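**Q** coords please:
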Amino acid sequence: MDGPAAYLWALCVSLLFRLSTSARTTFRTEVMPLLYYWRPDNYARDRRFGFGFHLNQNSPAMSTAEPGDSLWAFTQRRSDGSYVLAAELVVRALTQNPANYRYGQWRIWGDLHRSRYFDVDVGPRVEPIIRALGVRARASRLGQSFQGHAAVRPISPEAHLMLSEFTRDVPILQTAAIYPEDEFEARLVHEEPVRNLMVQETGVTRDARVRYLFESIDVRRARKNIQSLHELYGGRCQICLYDPQGLYGHRICHGHHIQWLSRGGDDELENMVLVCPNHHSAIHKDDAPFDYGDFSFRFTNGLCERLAVNHHLPSAN
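**A** Numbering: from 1, shown residues only. A predicted model of the protein is given here:
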């Protein structure tokens with residue numbers, strides 16, 4: 001072993017030696033960071049259309065995640081086949097998806113301000129580091145050891161510190177974009193003028209993402225879904241039961257997509273709730289995740305707002 005490989009291995013051993021004695025006192029015993037293999041095809045698609053700051057998986061390891069934990073993601077760089085770190089999602093919340101949700105039972109929501117997406121095009125090789133973390137990876141090709149339910153693995157607090165040290169100087173993508181869902185949902189009401197607000201940035205990637213969002217969504221069906229929610233709940237907010245239709249004779253409540261369309265959510269009733277403007281604004285401002293386990297929105301201050309009425313959402317159980 002010589003050259004870059006020898007350097008990485010020496011760095012790996014050095015980091016383990018420096019961190020192993022102190023990590024046990026730094027972390028609570030129940031903390032369990034996670035490691036995830038982000039398939040290159042999925043990574044390329046997500047990067048092209050905007051990272052969603054969340055992960056859906058069926059892996060049992062997902063259920064151990066706690067707020068403040070880190071989920072490290074690595075992928076395979078297409079240009080040279082090297083394995084590189086792609087992201088660190090700092091867990092904001094863990095929620096359950098509806099039963100039989102095609103992307104998995106569990107969803108980790110990353111903190112928008114603390115999570116990081118690394119520039120995989122220039123990042124250093126991470127395979128020697130990962131193989132030294134104590135994770136079972138016997139396959140000759142690293143990615144083959146992270147398949148199915150094993151795509152997400154628990155790692156030790158020491159391993160987390162090691163990855164943190166390794167990424168100290170790794171370049172970070174400064175534009176890990178999320179589409180402004182407020183503006184997109186507004187188009188369902190205000191139609192084309194909102195599109196002009198959204199296409200203010202230039203660039204081929206931005207334009208492609210706009211086309212992807214608008215051309216993949218049936219706007220007529222989306223409006224029909226919102227109308228169905230109003231009819232189902234009499235125009236009332238499902239959280240606070242505010243009834244503007246009864247008070248003023250107008251439909252003021254909004255149809256909110258639980259998993260934002262801009263983050264890959266389905267334009268189906270099972271992914272929508274009817275909420276008043278105040279709750280809609282608060283949900284977006286806080287980026288509050290929704291848990292199908294108890295039908296609640298979870299806010300960063302610890303507040304859980306449960307639906308007061310629900311006639312259409314499926315349970316996670």
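
**Q** what about residue 46, which SS state?
**A** helix (DSSP: H, G, I helix; E, B strand; the rest coil).

**Q** contact partners for it?
**A** residue 52 (CB atoms under 8 Å, 6 or more residues apart in numbering). (Glycine included, C-beta is placed from N, CA and C.)

**Q** adjacent strands (with direction) for whichever strand in the chain runs longest?
**A** The strand that spans the most residues within the chain, counting by DSSP state E, is strand 83-96. In the sheet, strand 83-96 lines up against strand 70-76 (antiparallel), strand 106-110 (antiparallel), strand 116-117 (antiparallel) (DSSP bridges).

**Q** so which of those strands gets nearest residue 304?
**A** strand 106-110 (14.2 Å; CB to CB).

**Q** residues contacting the closest one, please?
**A** 53-59, 62-63, 65, 71, 89-97, 259, 287, 289.

**Q** recalculate using a threshold of 6 Å.
**A** 53-57, 62-63, 65, 71, 89, 91-95, 97, 289 (CB atoms under 6 Å, 6 or more residues apart in numbering).

**Q** show me this structure divided up by domain.
**A** Using automatic domain parsing, the domains assigned to the chain come out as 3-166, 181-306.

**Q** mind checking which of the ones you listed is nearest residue 173?
**A** domain 3-166 (4.5 Å).

**Q** reformat the strands paired with strand 83-96 as JSON lines; add mean neighbour count.
**A** Output for those, formatted as JSON lines (neighbours: other CB atoms under 10 Å):
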{"stretch": "strand 70-76", "mean neighbour count": "23"}
{"stretch": "strand 106-110", "mean neighbour count": "23"}
{"stretch": "strand 116-117", "mean neighbour count": "20"}
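
**Q** for these, which one sits closest to residue 164?
**A** For residue 164, the closest of these is strand 70-76, at 8.0 Å, according to CB to CB.

**Q** mean confidence for the closest one?
**A** Taken as a whole, strand 70-76 has an average pLDDT of 97.

**Q** contacts for that strand, please.
**A** The contact list for strand 70-76, computed with CB under 6 Å, 6+ apart, reads 33-36, 38, 40, 43, 83, 85-90, 108, 126, 143, 160, 163.

**Q** ChimeraX command for the buried members of the residues you listed?
**A** To isolate the buried members of these in ChimeraX, using 16 or more other CB atoms under 10 Å:
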select :33,34,35,36,38,40,43,83,85,86,87,88,89,90,108,126,143,160,163
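
**Q** just the pLDDT for residue 316.
**A** In this model, residue 316 carries a pLDDT of 76.

**Q** residue 96 is in contact with that one, correct?
**A** Yes. Here residue 316 reaches residue 96: they are 3.8 Å apart, a contact under CB atoms under 6 Å.

**Q** show the low-confidence segments of the protein, by residue range.
**A** Residue ranges of the chain with pLDDT under 70: 1-31, 49-50, 174-219, 262-264, 317.

**Q** identify the bridge partners of the residue nearest the centre of the chain.
**A** Nearest to the geometric centre of the chain sits residue 54, at 0.8 Å (CA atoms, centre = their mean). Residue 54 has these beta-bridge partners by DSSP bridges: residue 109.

**Q** measure it to residue 238 for me?
**A** 22 Å (CB to CB, to the nearest Å).

**Q** any chance of the strands paired with strand 83-96 in TSV, with distance to residue 311 too?
**A** Listed next are these as TSV, based on distance: least, CB to CB, whole Å:
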stretch	distance to residue 311
strand 70-76	34
strand 106-110	23
strand 116-117	39
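
**Q** before I go, just wanted to say thanks for your time.
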